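**Student:** With the sequence up front, the predicted model follows.
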Amino acid sequence: MKKTPPITLEHTEMLAAIPSPLLRWYRAQKDNRSLPWRNAPAPYHVWLSEIMLQQTRASAVIPYYERFLAALPTIAALAACEDDALMKLWQGLGYYSRARNLKKAAQTIVTEYGGELPRDFECLLKLPGIGRYTGSAIGSIAFGFPLPAVDGNVLRVVSRVLTSTSDIALPAVKRAIEQALAPHYPEGQAAGELNQAFMDLGATVCLPHGAPHCTRCPLARLCLAHDAGREQELPAKSASKKRRIEKLTVLRMEQDGTLALRKRPEKGLLAGLWELPHVDGHPTKKALLAYLSEQGFAVERIEKLPHARHIFSHIEWQMHGYRITLADNSLGVAEGMPAPLASSTMSVPLKRNDLVWASREALADRYSIPSAFSYFL
């Protein structure tokens with residue numbers, strides 16, 4: 001296996017000059033970025049917010065965060081929450097493995113740490129769903145540990161300040177920047193403030209796309225990229241792996257005021273969530289009608305829906321869709337009651353005993369439907 005050569009960062013002596021102006025800037029403007037988890041930084045609240053903020057904008061997280069805490073105000077309540085109820089609280093945030101790991105971690109915290117988040121960095125790293133960035137953010141904000149929480153914002157800011165051309169997609173570069181920053185981190189409340197200052201600077205000033213707002217940046221006088229007019233060239237980042245394309249046809253099947261749902265497998269993409277039934281590929285309407293008839297569904301009406309596309313981190317779904325109204329006697333399956341199994345000729349079988357028929361009220365209150373299917377609801 002080819003070894004990655006050691007990463008050498010130049011001009012790292014400049015990092016010592018970052019905390020003072022960055023903290024002054026943050027403290028002067030933080031009311032403009034008032035966020036509920038900052039207003040009450042209890043360890044559980046910090047942990048929950050950091051998990052929700054992964055891959056999700058702060059403005060989008062706020063209503064989910066507040067609803068989640070209202071339903072599950074303690075770690076013990078989270079540990080005891082039923083899976084379907086947990087997924088319903090998380091519905092719309094995406095990356096549902098985050099919620100599953102939250103519950104697993106909460107159960108560990110209850111059994112091993114008396115229901116309180118451990119005040120130890122290494123113990124935090126052992127909890128499901130907590131890596132170095134999240135552990136450092138929790139440790140600094142909740143407990144005042146002098147730990148740099150290195151995410152894309154920090155990588156971008158530091159790369160520009162140092163005019164580093166190292167590829168920030170490489171884990172070794174991320175680790176090198178973390179190690180270079182660590183000696184300059186304060187302890188106590190200032191540690192968490194410094195990490196949040198980096199987050200805010202990257203989110204509002206040192207932007208990843210388009211021109212950064214250098215005239216508003218508290219680090220402009222230190223920034224070698226700004227001095228050289230190279231802000232938009234940096235950071236260097238190799239292209240990510242191309243997404244795999246998957247084609248599917250989504251079936252919005254309705255009968256007597258209810259909607260057909262199917263639960264996804266317990267492992268894999270969107271594991272354990274409820275979905276609209278679908279088949280692989282983009283069959284013609286004629287082929288789809290023939291297939292439904294073969295499965296014993298009596299179709300009264302079929303209406304083509306607009307095409308949709310949904311992008312996951314590594315997969316792109318290209319979706320066609322149909323709204324299908326079934327005859328009242330087509331299935332006769334009450335919510336949660338199986339019908340006889342039918343054979344299948346398509347690669348994703350539409351097994352009748354896999355379906356439940358949900359009322360509008362049940363759909364709103366009980367079932368967690370991933371946003372990938374929202375285009376057809």
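**Tutor:** Great, that's in hand. Numbers count the residues shown, from 1 in each chain.
**Student:** can you give me the helices for the stretch 201-350 of the chain?
**Tutor:** 224-228, 285-294 (DSSP state H, counting those that start in this stretch).
**Student:** export those to TSV and tack on distance to residue 141, mean pLDDT and mean neighbour count?
**Tutor:** In short, each C-beta sits where N, CA and C put it, glycine included. Formatted as TSV, the helices of the stretch 201-350 of the chain follow (distance: least, Cβ to Cβ, whole Å; pLDDT from 0 to 100; neighbours: other Cβ atoms under 10 Å):
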stretch	distance to residue 141	mean pLDDT	mean neighbour count
helix 224-228	28	96	16
helix 285-294	52	92	15
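**Student:** right, and the ones you listed - which one's nearest residue 269?
**Tutor:** Checking the helices of the stretch 201-350 of the chain against residue 269 by Cβ to Cβ gives helix 285-294 as the closest, at 23.2 Å.
**Student:** Distance to residue 37 added to the helices of the stretch 201-350 of the chain, as JSON lines?
**Tutor:** Output for the helices of the stretch 201-350 of the chain, formatted as JSON lines (distance: least, Cβ to Cβ, whole Å):
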{"stretch": "helix 224-228", "distance to residue 37": "31"}
{"stretch": "helix 285-294", "distance to residue 37": "47"}
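**Student:** Residue 122 is nearest to which of those helices?
**Tutor:** helix 224-228 (35.2 Å).
**Student:** roughly how far is the closest one from the heart of the chain?
**Tutor:** The chain centre lies 33 Å from the centre of helix 224-228; the measure is Cα atoms, centre = their mean, to the nearest Å.
**Student:** Please save the CA atoms from that helix in PDB.
**Tutor:** Output of helix 224-228 as PDB, limited to C-alpha atoms (Å, rounded to 0.1, in the frame of the first residue of the first chain):
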ATOM      1  CA  LEU A 224      -1.200  35.700   2.700                       C
ATOM      2  CA  ALA A 225      -3.800  34.600   0.100                       C
ATOM      3  CA  HIS A 226      -5.500  38.000   0.300                       C
ATOM      4  CA  ASP A 227      -2.200  39.800   0.200                       C
ATOM      5  CA  ALA A 228      -1.300  37.900  -3.000                       C
END
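**Student:** can you list contacts of that helix?
**Tutor:** The contact list for helix 224-228, computed with Cβ atoms under 8 Å, 6 or more residues apart in numbering, reads 11, 14, 159-163, 214, 217, 220, 231, 233-234.
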